[in-house]
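Enquirer: Just the structure for this:
(chains A and B)
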Amino acid sequence: MTGPVALAATDLLAVDFSAADSLAPLLVADAFTGIFDWFLTAVVGGVFSWLAGVTGLDFLGYPYMQRAYLSVLCIGVVGPLVGSFLVYRDLSMVGDTLAHTAFAGVALALFLDATLGLAVPPLLGALVVAVVAALVVQALIEYTDARSDAALAMVLTGGFALGSVLISLTGGGISVGINQYLFGSLATVSRADVGLLVSMGLVVVGSVAVAYRPLVYVTFDETAARASRLHVRAVNTLLSILTAFVVVSAMRIMGVILVAALLVIPVVTASRLGRSFKQSLLYGVLAGELAGVAGVTVAYLYGLAAGGSIVLVALAGFVAVAAGHRLA
Amino acid sequence: MTAVSLSDVTFSYGDVPVVDGVSLDVPEGEFLGLVGPNGSGKSTLLTLMLGLRRPTRGEVRLFDRPAHDFADGERVAYVAQDATDAARDMPVTVREVVRMGRYPRNLFGRFSADDREAVVSALDRVDIADLADRRVGALSGGQRQRVFVARALAAEADLLALDEPTVALDAESREAFYDLLGDLNEQGMTVVLVEHDIGVVTARASRIACLNKRLYFHGDTEDIADSDALAAAYGANQRVLDHDHGHGRYHGNSHDRQRGHSHGDARAEPEDEQ
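Expert: Numbering: from 1, shown residues only, chains lettered A, B, ... in the order given. The predicted model follows:
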């Protein structure tokens, strides 16, 4: 059965496929969507409705808020998890860079839609462009003499520039939709967005679990890891791609401009709390979860920007921990 | 067997040679001190030896294999000059770092009893077992360097390469650290040590190589004093750091480096650090 399955993978990306070989992929996709829909409605919906009943907070029962909470719960895990391998190598700006290039991907998808009528999902465009940018960033850091922060700044601005030009090319017709990608939004997170986010989250967590040792070694001492014949380049490529996954999955809620914050702030907060690296990963995830849930709640209650609220709560957490650390 | 073998090795950045036509062998069990002034290419030579760079010309062999092609990562341990940079900020315990020594042998699987035992005995051998659960960033400089040596021991490495490991240490921990390296060498480990300070090298190493792009001297430690190699390699404008350790004077290396720059040193090649 490898044939149909392989076909399924390629056909899902194809825009226009014939009826004969579209049957198998549709069945697979249907089964997957079905399971996810059940998960979203029965499991997540059930838990949140119960919570709404217990706490008396009605908004926990709204499906779009449930999607928002599920999203930030995912982001709160993958952000600090991947960020922990960036922050200590002075690569904090990688997330921000990839997010800004992902914006070019969104713009490209909207542009193709507006001009050629190609219905490319914006997040897919973002993912493809961000992964390509991740590889470019890594090549720049590795092969050029440019210091890595300069290389990052060039890719960051380049990506954003491309995005803005693409938007202007469509005569401003799509700029209405672009705001939600720039600043994030609670209300516009669709079922498909959450599905993408959850599956990318599973990929990220699984990859980090498998590649934990090489990731830690390279983070701590890249040269020694190279001397020990670890495949440092492969590890770095994996890390770049995982970072692209994280920023793309989080950008619907956080917005392009702020999405990198959850790769960095919870990690820095946790660095003061954990003693071992594993402990600090755990604290980082906890800080990310807290910031995400509290941020979304505050954003809903007071009608504020979701991404901004989450970042400010995360920063408040950092300040509280830093102050507590100083007093202790 | 030969641990490292260099034949006519040249390495250039663009047109500027940093290492020029160096040939030397490091037999297994040797303690080689690699000395030379700032910017003499000694750190670069060390990375060439380990196969971290490929020479522009010439050949490097590591345990009888081409160095760039050498795959037994656990046999080689490297303590880079900047190894302590990440250690300061990153929350990571001594034990976690020493466990990294086992990673070349076991990168994905569960740690076996052998793996765990190697970690425990490595901690014991360098006397930091009581620090195992401390954060590396909270240790003193001397303790931190011991952690890196313990990582090499956990790997059961055959070759330990260190690049100015005691730059930030006080005289007493520096002496203790070099005693430790001497002990390990007596127990059979091959040690290659890059040092700015010639005094400590002549006291501990069995062989010494003096480099300033070219190899000025390579031989037994006791013979270097009688040769003109030091004066020739370091040149008249460089202060030779050959002081008596009994006085416990500390020469900050960064200070020396700055001095070299501020005097408008004519050497055009980049710093030999990475």
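
Enquirer: Where does the prediction get shaky in the chain?
Expert: Since no chain was named, I'll use chain A. Counting by pLDDT under 70, the ranges of chain A that qualify are A:1-29, A:144-147, A:171-176.

Enquirer: That was the other one, I meant chain B.
Expert: Across chain B, the stretches falling below the confidence threshold (pLDDT under 70) are B:84, B:86, B:236-274.

Enquirer: Please list the residues of it that sit near chain A.
Expert: Residues of chain B that fall close to chain A, judged by CB under 8 Å from any CB of the partner chain: B:50, B:52, B:70-74, B:76-80, B:82-83, B:86-87, B:89-93, B:95-97, B:100, B:103-104, B:107-108, B:133-135, B:148, B:151, B:155, B:161, B:274. To be clear about C-beta, it is placed using only N, CA and C from the backbone, and glycine gets the same treatment.

Enquirer: Drop anything exposed from those residues.
Expert: Burial by neighbour count, judged by 16 or more other CB atoms under 10 Å in any protein chain shown, picks out B:50, B:52, B:70, B:73-74, B:76-80, B:83, B:86-87, B:90-93, B:95-97, B:100, B:103-104, B:107, B:134-135, B:148, B:151, B:155, B:161 from the residues of chain B next to chain A.

Enquirer: Next, check those residues against the helices and list the overlap.
Expert: Residues of these located in helices (DSSP state H): B:A83, B:A86, B:A87, B:R95, B:E96, B:V97, B:M100, B:F148, B:R151.

Enquirer: so can I have CSV of the residues you listed showing distance to B:A225?
Expert: Listed next are those as CSV, based on distance: CB to CB, whole Å:
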residue, distance to B:A225
B:A83, 31
B:A86, 39
B:A87, 36
B:R95, 43
B:E96, 44
B:V97, 38
B:M100, 40
B:F148, 31
B:R151, 35
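
Enquirer: Could you pull up phi and psi at whichever residue of the stretch 101-250 of chain B sits closest to chain A?
Expert: When distances are taken as CB to the nearest CB, the stretch 101-250 of chain B approaches chain A most closely through B:P104, which lies 4.4 Å from it. Note on B:P104: backbone dihedrals following degrees, to the nearest 10 are phi -60, psi -30.

Enquirer: Skipping adjacent residues, who's closest to it in space?
Expert: In space, and not counting its chain neighbours, B:P104 is closest to B:G73: 3.6 Å by CB to CB, 6 or more residues apart in numbering or on different chains.

Enquirer: how close does the closest residue to B:D69 other than its chain neighbours sit to A:T243?
Expert: If you skip the residues right next to it in sequence, B:D69 has B:G51 as its closest partner in space, 7.6 Å away by CB to CB, 6+ apart. Counting by CB to CB, to the nearest Å, the separation of B:G51 from A:T243 is 29 Å.

Enquirer: before we move on, back to that, just the ones in helices among the buried ones among the residues of chain B next to chain A now: which is nearest B:V192?
Expert: B:F148 (14.4 Å; CB to CB).

Enquirer: list the contacts for the residue of the stretch 51-200 of chain A found nearest chain B?
Expert: Per CB to the nearest CB, A:Y88 is where the stretch 51-200 of chain A lies closest to chain B, at 4.1 Å. Contact criterion CB atoms under 8 Å, 6 or more residues apart in numbering or on different chains gives A:T219, A:F220, A:S271, B:A86, B:D89, B:M90 as the residues in contact with A:Y88.

Enquirer: still on that earlier bit, wait, what's in contact with the residue nearest to B:P104?
Expert: The contact partners of B:G73, taken as CB under 8 Å, 6+ apart, are A:A227, A:S228, A:R229, A:L230, B:P104.

Enquirer: how about 10 Å then?
Expert: B:G73 makes contact with A:224-231, B:103-105, B:107, B:155, B:157, according to CB atoms under 10 Å, 6 or more residues apart in numbering or on different chains.

Enquirer: again, but for B:I208
Expert: Shown in contact with B:I208 (CB under 10 Å, 6+ apart): B:31-35, B:193, B:195, B:198, B:201-202, B:217-224, B:229-230.

Enquirer: thought B:F217 was touching B:Y234?
Expert: No: in this structure, B:F217 is not within contact of B:Y234 by CB atoms under 10 Å, at 11.2 Å.

Enquirer: on that earlier part again, and the furthest pair within the contacts of A:Y88?
Expert: A:F220 and A:S271 (13.2 Å).

Enquirer: Let me see the ranges of the strands in chain B.
Expert: Along chain B, counting by DSSP state E, strands occupy B:2-13, B:16-27, B:31-35, B:57-62, B:65-66, B:76-79, B:159-163, B:190-195, B:207-212, B:214-220.

Enquirer: Of these, give the one that comes closest to B:I128.
Expert: Comparing those against B:I128 with CB to CB, the closest turns out to be strand B:76-79 (14.8 Å).

Enquirer: in its sheet, what does that closest one sit against?
Expert: Strand partners for strand B:76-79, identified by DSSP bridges, are recorded as strand B:159-163 (parallel).

Enquirer: now the partner strand and strand B:190-195, what's the angle there?
Expert: Relative orientation of strand B:159-163 and strand B:190-195, computed by axes from the mean of the first three to the mean of the last three CA atoms, to 10 degrees: 0 degrees.

Enquirer: List the residues that contact the closest residue in space to B:A168 that isn't next to it in sequence.
Expert: Taking CB to CB, 6+ apart as the measure, B:A168 lies nearest to B:G141, with 4.5 Å between them; neighbours along the chain are not counted. With contact taken as CB under 10 Å, 6+ apart, B:G141 is in contact with B:T84, B:P165, B:T166, B:V167, B:A168, B:L169, B:D170, B:S173, B:R174, B:F177.

Enquirer: Now, of those, which are buried?
Expert: In the contacts of B:G141, burial by neighbour count holds for B:T84, B:P165, B:T166, B:V167, B:A168, B:L169, B:S173, B:R174, B:F177, counting by 16+ other CB under 10 Å.

Enquirer: Mind telling me which residue of chain A is nearest chain B?
Expert: Closest contact between chain A and chain B, by CB to the nearest CB, is at A:R229 (3.1 Å).
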